[in-house]
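1. okay, predicted coordinates and the sequence, questions at the end:
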Amino acid sequence: TLADKFIAVCEYKSIQPMIAITKVDLKECGNISDIYGKIGIPTIVCDYSDPASLEPVKAAVEGKICAFTGNTGAGKSTLLNHIAPELELKTAEISRKLGRGRHTTRVSRLYKLFGGYIADKYWGIRRSVFWGAIMMALGQFLMFFSASMLDAVQLSHWLMYGGLTFLILGNGCFKPTVSSLVGQLYEPGDRRLDSAYTIFYMGVNVGSFLAPLVCGYFGETGNPNDFKWGFLIAAIVTVFTVILFETQKNKYLIGPDGKQLGIIPDAKKEQPQATKTAAQSTTHNSKKKRNYLLLGVLTIALAVFFYWCFGNDWISIGIFTACIVFPVSILLEGSLTKIERDRIFVIYIIAFFVIFFWAAYEQAGASLTLFASEQTDRVIFGWEMPASWIQSFNPFFVVILAAIMPGVWGFLNKRGMEPASPTKQAIGLLLLSLGYLVICFAVKDVQPGVKVSLIWLTGLYFIHTMGEIALSPIGLSMVNKLTPIRFASLMMGIWYL
């Protein structure tokens, strides 16, 4: 029975089981108090409309770690609110803090714009990749030192902020540039580019698969001090990859023309060739000033609008403003030809629909993680899988499917049946919605306190991963195909944003 399962889980976790039941339910359950009393499980009769009747519950749990069953809905809410008000807000507080914590990810995506611009204009891809990785390694070391000095609260906080800052700066320089580098390994129009980005995506997700397993194993021990080892492992692995990159770059980073890639900034390799007359230069400068004025007005207007929407959440205001201003600024770039501008506009149209994919997909980092922790039965043959390990499901499926899909696209291409990039991305959106439909069936009619099978969440991640493989690497490939090389890394930054 459900009660027996509840008792067994409590015994396994060394938690005191308790039964809290209303007077109304007691009439229907008969002698439940006597039954559970005989096996040593306290049963407390409550009247949720009368706070005084909840005092015995509060006294019974004083100084103990207890699990309750027998109360649902509004009754459970009232009970928890009375005996431990902080517990009632636990899930909502976790979701809120996860949302706030994801500001770090959002700022990181915003900085990809600046990282891409610096790579295209000044540093070149190789230097951006190198310094981006170095900054990320330094950030992980600072996070390790922060987690090692929890007793020195003030110092620990500043080390954490410093670590997050370097992680944001490093990721902003690294991610858009290494993504644009893949496309430069092939001739323009090469049909193998979709498959190349799928393989690249597989490599990225090998790390995503291993990270939760390794860091979860060393960090999720029940001792908060052990989380520091995850940061140290990440720092050491990053330093190793920097060494690998520096020793192997001249051997493998070679373009189709046989020249070394990523040394000269892309903007300097592709300069507009036309020589302007004095009159044309005057007109060009006039348009440039007009564009700056237009972008300034647009920025202020959007900032005011988003301030009205988000209040003092300046990070959200900055990110949403940048999401519109930066794409518009590229369209207003005077060096673009009509064909180039049309191609970039196509990227923006597809990116608009991709936003909805990632908005739903990124629930994996918040609500789906809580669902895995609180509402999914993770016990396998008596062993409870850490909730953090479920984060490895998606990258594991990515690695498997990414090894298969290049062959599938190649097979279809040889027969003239390969779908166009927008069609592949539409398939991805369809699969995303199908995944959530599966989880809807899982939770339909489930009683409070009952955990669903891990199979349902596994199925959701598998279907979502099929959609991701059809959408994400194909999107990267499309951006590379349609973007002028002088904006390659910057446009990757906009795509990630």
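-> Here it is on my side, so go on. Numbering: from 1, shown residues only.

2. buried stuff in stretch 240-250?
-> Going by neighbour count (16 or more other CB atoms under 10 Å), the buried part of stretch 240-250 is 242, 245, 249. Bear in mind the C-beta positions are built from the backbone N, C-alpha and C, glycine included.

3. could you dump those into a markdown table with pLDDT added?
-> Formatted as a markdown table, those follow (pLDDT from 0 to 100):
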| residue | pLDDT |
| --- | --- |
| 242 | 92 |
| 245 | 90 |
| 249 | 87 |
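
4. please enumerate the strands of the chain.
-> 16-22, 43-46, 66-69, 376-377, 379-380, 383-384, 452-453 (DSSP state E).

5. coming back round to it: list the ones among the buried residues of stretch 240-250 that fall in helices.
-> 242, 245, 249 (DSSP state H).

6. returning to that earlier point: which of the strands of the chain has the lowest average pLDDT?
-> Lowest mean pLDDT of those: strand 66-69, a mean of 48.

7. scan the protein for its longest helix.
-> Using DSSP H, we find that the single longest helix of the chain is helix 278-310.

8. from the contact counts, what lies against that helix?
-> helix 314-331 (3 or more CB pairs under 8 Å, 6 or more residues apart in numbering; DSSP states H and E).

9. my read: residue 129 touches residue 175, true?
-> No: counting by CB atoms under 8 Å, residue 129 stays clear of residue 175, with 9.5 Å between them.

10. state the distance from the residue nearest in space to the middle of the chain to residue 355.
-> Note on the chain: the residue nearest the mean C-alpha position is residue 362, at 5.2 Å, using CA atoms, centre = their mean. Counting by CB to CB, to the nearest Å, the separation of residue 362 from residue 355 is 11 Å.

11. try residue 147
-> From residue 147 to residue 355 the distance is 34 Å (CB to CB).

12. and those two? Which one has more around it.
-> Using other CB atoms under 10 Å as the criterion, residue 147 and residue 355 rank with residue 147 on top: 22 against 11.

13. wait, what's in contact with the nearest residue to that one once chain neighbours are set aside?
-> The shortest distance from residue 147 to any non-neighbouring residue, by CB to CB, 6 or more residues apart in numbering, is to residue 228 (3.4 Å). Residues in contact with residue 228 (CB atoms under 8 Å, 6 or more residues apart in numbering) are 143, 144, 147, 148, 219.

14. between these, which is nearest residue 289?
-> Nearest to residue 289 among these: residue 143, at 44.5 Å, using CB to CB.

15. dump the residue contacts of the closest one.
-> With CB under 8 Å, 6+ apart, residue 143 has these contacts: 159, 160, 163, 164, 167, 228, 231.

16. just give the number of residues close to the third one.
-> Around residue 163 there are 23 other residues, counting by other CB under 10 Å.

17. go on, the first one?
-> Residues within reach of residue 159, counting by other CB under 10 Å, total 20.

18. again, but for the second one
-> As a burial measure, the neighbour count of residue 160 was computed by other CB under 10 Å and equals 16.

19. find the nearest non-adjacent residue to it, please.
-> Distances taken as CB to CB, 6+ apart put residue 146 closest to residue 160, at 4.1 Å, once the chain neighbours are dropped.

20. do the same with the fifth one
-> Of all residues beyond its chain neighbours, the one nearest residue 167 is residue 139 (3.7 Å), with distances taken as CB to CB, 6+ apart.

21. contacts only, for that neighbour.
-> For residue 139, the contacting residues are 162, 163, 164, 165, 166, 167, 168, 169, 170, by CB under 8 Å, 6+ apart.

22. can I get these in a markdown table including pLDDT and distance to residue 202?
-> Formatted as a markdown table, these follow (pLDDT from 0 to 100; distance: CB to CB, whole Å):
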| residue | pLDDT | distance to residue 202 |
| --- | --- | --- |
| 162 | 91 | 33 |
| 163 | 91 | 29 |
| 164 | 88 | 28 |
| 165 | 89 | 30 |
| 166 | 92 | 27 |
| 167 | 90 | 24 |
| 168 | 88 | 26 |
| 169 | 89 | 27 |
| 170 | 89 | 23 |
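
23. do a quick rundown of the helices in the stretch 151-300 of the chain.
-> 153-183, 193-219, 228-252, 266-269, 278-310 (DSSP state H, counting those that start in this stretch).

24. out of those helices, nearest to residue 471?
-> Using CB to CB, the nearest of the helices of the stretch 151-300 of the chain to residue 471 is helix 193-219, at 10.5 Å.

25. list the helices and strands that closest one packs on?
-> Applying 3+ CB pairs under 8 Å, 6+ apart, one finds that helix 193-219 contacts helix 153-183, helix 228-252, helix 393-414, helix 454-482.
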